[in-house]
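Engineer: Could you work out the structure for the sequence below:
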Amino acid sequence: MISEKINIRYPSSDKWLNWGAIVGGIMCLIDQGMIGITPADIIQEVTIFLVIYGMLVAKDITRNALG
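Structural biologist: Got it, this is the predicted structure:
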């Protein structure tokens with residue numbers, strides 16, 4: 001998984017700062033083509049980023065793919 005490779009290359013001492021999850025969330029936004037400028041688009045982009053980030057951080061904290 002890309003997130004794991006990034007975390008191995010750029011480790012963070014903070015439990016909630018996860019470079020792999022940040023890159024994964026940004027890649028999901030770019031991949032889905034969800035770059036918009038309306039307020040609804042911005043809310044949707046932030047929500048999707050938070051969901052992806054939370055999913056990847058929970059996987060790393062619990063060491064369980066299901067979180």
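
Engineer: quick one: the helix or strand harbouring residue 47 to chain centroid distance?
Structural biologist: Residue 47 belongs to helix 39-62 when assigned by DSSP states H and E. Using C-alpha atoms, centre = their mean, to the nearest Å, the mean C-alpha position of helix 39-62 is found 6 Å from that of the whole chain.

Engineer: Summarise which helices and strands it is packed against.
Structural biologist: Packing partners of helix 39-62 (3 or more C-beta pairs under 8 Å, 6 or more residues apart in numbering; DSSP states H and E): helix 2-9, helix 19-32. Glycine gets a C-beta too; all of them are placed from N, C-alpha and C.

Engineer: Can you tell me which of the ones you listed is most buried?
Structural biologist: helix 19-32 (a mean of 16; mean count of other C-beta atoms under 10 Å).

Engineer: CA atoms only: put that one into CSV for me.
Structural biologist: Provided in CSV are the C-alpha atoms of helix 19-32 (Å, rounded to 0.1, in the frame of the first residue of the first chain):
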residue,chain,number,x,y,z
TRP,A,19,2.1,11.5,5.9
GLY,A,20,1.0,8.4,4.1
ALA,A,21,-2.7,9.1,5.0
ILE,A,22,-2.3,12.7,3.8
VAL,A,23,-0.9,11.7,0.5
GLY,A,24,-3.5,8.9,0.2
GLY,A,25,-6.3,11.4,0.8
ILE,A,26,-4.9,13.9,-1.8
MET,A,27,-4.5,11.1,-4.3
CYS,A,28,-8.1,10.0,-3.8
LEU,A,29,-9.3,13.6,-4.5
ILE,A,30,-7.2,13.8,-7.6
ASP,A,31,-8.2,10.4,-8.8
GLN,A,32,-11.9,11.0,-8.4
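
Engineer: Flag the shaky bits of the protein, pLDDT-wise.
Structural biologist: 34-35, 67 (pLDDT under 70).

Engineer: The same query, at a cut-off of 80, please.
Structural biologist: 1, 32-36, 65-67 (pLDDT under 80).

Engineer: Give me the neighbour count for the residue nearest to residue 65 when sequence neighbours are not counted.
Structural biologist: Among residues not flanking residue 65 along the chain, residue 59 sits closest, at 5.8 Å (C-beta to C-beta, 6 or more residues apart in numbering). By other C-beta atoms under 10 Å, 19 other residues sit near residue 59.
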